[in-house]
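> A predicted structure for the sequence below; I have some questions about it.
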Amino acid sequence: MAQQCDIGLIGLAVMGQNLVLNMADHGFAVAAYNRTTSRVDDFIIGPAKGKTVLGCRRLEDLVQTLKKPRIAMLMVKAGDPVKQTVEQLAPLLEPGDIIIDGGNSHFLDTEEQIRKLQDLGILYLGAGISGGEEGARYGPSIMPGGTEEAWPLVRPIFQAIAAKVGPNNDIPCCEWVGPGGAGHYVKIVHNGIEYGDMQLICEAYSLLKDGLGLNNDTLYDVFAEWNRGELDSYLIEITRDIFSVKDEKTGNALVDMILDRAGQKGTGKWTSQHALDLGVPTTLITEAVFARSLSALKKKRVRASRMLSGPQGTIAEFRLTANKDEFIEQVRKALFASKICSYAQGFFQLQAAAAEYGWGLDYGEIAMLWRGGCIIRATFLEDIKAAYDRNSELENLLLDKYFKEAVTANQSAWRRVICTATEIGIPIPAMGAALNYYDSYRSERLPHNLLQAQRDYFGSHRYERVDEEGNFHTDWVGKRRKPG
Ligand code: NBP
């Protein structure tokens, strides 16, 4: 029994159980523990029956069954549960042993754990894992970061269980990301991008359903068609499928029976919060986070809908476009151009964070980590990889030849769609944010000369001049035109 297991997994909720089964299927012996021990028992006599999985009812037992150096992986709720579990586990380990946190932890918590465990000689990895239950079972995307010394020992297990992509289906969606909290940071940005993608798809849906009046069968066909082109992705694919599912209770389309009040667990918000800390304009993801918050104000929105006026009606009623197919294609182009801006913002934030924390990230490699297994998997990520292969120092994805041309080709449709949505009163916060970002980023001169003047006027914050180096202050009150 002693020292026979390759890895120990702590936390047998949905993700932990599926990762254990995935590891066992790939020939690894896994010790499995959960705080509530009935979960261990149920797992061993249930899904893990007949597999190379050893149930442990105490952390001490788990540690004793592991080969040295020991690898113990946590799949528990982020925050205090991770901290408490590490506190219980660390005294049972020896220098050179490895703790991996595979949950959705905040990257700063991971950095703190690394620092704390350094003195004990315990190596700590923070690994972002994406793909939900299905991914964990059959191949997730894994984003490991932390103490690099641990990586060669963990790599064979992680790369075996990860999703595979490439022509021979043999490139694992798991590669070393970087030191410190880099792995968890990349997962946070992944989730932020996921928020952006989902919001953009919902806006396209609203334009087609409320603007064009398409029914669910036609929406199914539109998304099926989109999934065969540039937008080919997991999220477009599952959206297509959603339109085909009927509600057992009423016989209606299930999507129409779902309340329009979105939930969120907070990882998208972390992307936006840290974008603000870094001072980088991750506007689309932030709008996507706020859009969920606004959706959650259901009762208030219902009241407001009866009190506030605005345009209402379909595109046909507004006589804006005669051709449905033409508008569907314009929405597809608007979605694609907006998506490019979203990823440009996400990678821009990764670049800023890497510079701040000295992580030295490989952006093309990160795009490939997301190519399979995870929620944002999409063909499009290969174009991002190609862009960074062309120029690893690329300042912004929008400046890459392929993306520059793609936005140019889709631009007039994108603007048309945004005008149409505005005219008929359909909210499109993420598409709008994307276009505003694009127009701001390509502007040599923005109106912030005036803003600087305002700041200097009321707060003596000083301003720079267009014709001379230095910081200047003006006595605006003394020089202004006297009122009247
Ligand atoms: P949950 O996030 O629901 O966490 C449940 C697990 O945490 C159970 O094993 C529970 O033990 C354990 N736990 C808690 Br709660 N407090 C604990 C404590 N103080 N000490 C020890 N264990 C404690 O599980 P999950 O959905 O499987 O997710 C695991 C991690 O993976 C999370 O960080 C999550 O954000 C992340 N993640 C989830 C998904 C997904 O699709 N669900 C996808 C990607 C990443 P108990 O049984 O004794 O209560």
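Everything's here; your move.

> tell me the contacts of the residue in the stretch 201-350 of the chain that the ligand sits nearest to?
For the stretch 201-350 of the chain and the ligand, the shortest gap (C-beta to the nearest ligand atom) falls at residue 265, measuring 6.8 Å. C-beta: built from backbone N, CA, C; applies to glycine. Neighbouring residues of residue 265 by C-beta atoms under 8 Å, 6 or more residues apart in numbering: residue 104.

> that one and residue 289, how far apart?
11 Å (C-beta to C-beta, to the nearest Å).

> and if you look at residue 28?
As judged by C-beta to C-beta, residue 28 and residue 289 stand 38 Å apart.

> more neighbours: which of the two?
When residue 28 and residue 289 are compared for neighbours, residue 289 comes out ahead with 23 against 19, by other C-beta atoms under 10 Å.

> that one should be in a strand, yeah?
No. Read with DSSP: H, G, I helix; E, B strand; the rest coil, residue 289 is helix and lies in no strand.

> per-residue pLDDT, it?
Per-residue confidence (pLDDT) for residue 289: 97.

> swap in the one 3 residues further on?
The pLDDT attached to residue 292 in the predicted structure is 97.

> what do you get for residue 1?
According to the predicted model, the pLDDT of residue 1 comes to 46.

> sorry, back to before: helix or strand for the residue of the stretch 201-350 of the chain closest to the ligand, just tell me which one.
Per DSSP states H and E, residue 265 falls between elements, in no helix or strand.

> how about low-confidence regions in the stretch 201-350 of the chain?
320-322 (pLDDT under 70).

> at 80 instead, please
318-322 (pLDDT under 80).

> strands along that one, start to end?
Counting by DSSP state E, counting those that start in this stretch, the stretch 201-350 of the chain forms no strands at all.

> all the helices of it, residue numbers only.
216-226, 234-242, 267-278, 283-295, 298-305, 324-357 (DSSP state H, counting those that start in this stretch).

> which one of those helices lies nearest to residue 462?
helix 267-278 (23.3 Å; C-beta to C-beta).

> distance from the chain centre to that closest one, please.
Distance of helix 267-278 from the chain centroid (C-alpha atoms, centre = their mean, to the nearest Å) equals 11 Å.

> so what touches it?
For helix 267-278, with C-beta under 8 Å, 6+ apart as the criterion, the contacting residues are 104, 106, 187-189, 191-195, 281-282, 285-286, 288-289, 292, 346, 349, 352-353, 356.

> just the buried residues from those, in ChimeraX please.
To isolate the buried ones among the contacts of helix 267-278 in ChimeraX, judged by 16 or more other C-beta atoms under 10 Å, type:
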select :104,106,187,188,189,191,192,193,194,195,281,282,285,286,288,289,292,346,349,352,353
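
> ok, back up a step: want to throw the helices of the stretch 201-350 of the chain into JSON lines with distance to the ligand?
Putting the helices of the stretch 201-350 of the chain into JSON lines (distance: least, C-beta to the nearest ligand atom, whole Å) gives the following:
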{"stretch": "helix 216-226", "distance to the ligand": "23"}
{"stretch": "helix 234-242", "distance to the ligand": "14"}
{"stretch": "helix 267-278", "distance to the ligand": "8"}
{"stretch": "helix 283-295", "distance to the ligand": "17"}
{"stretch": "helix 298-305", "distance to the ligand": "25"}
{"stretch": "helix 324-357", "distance to the ligand": "18"}
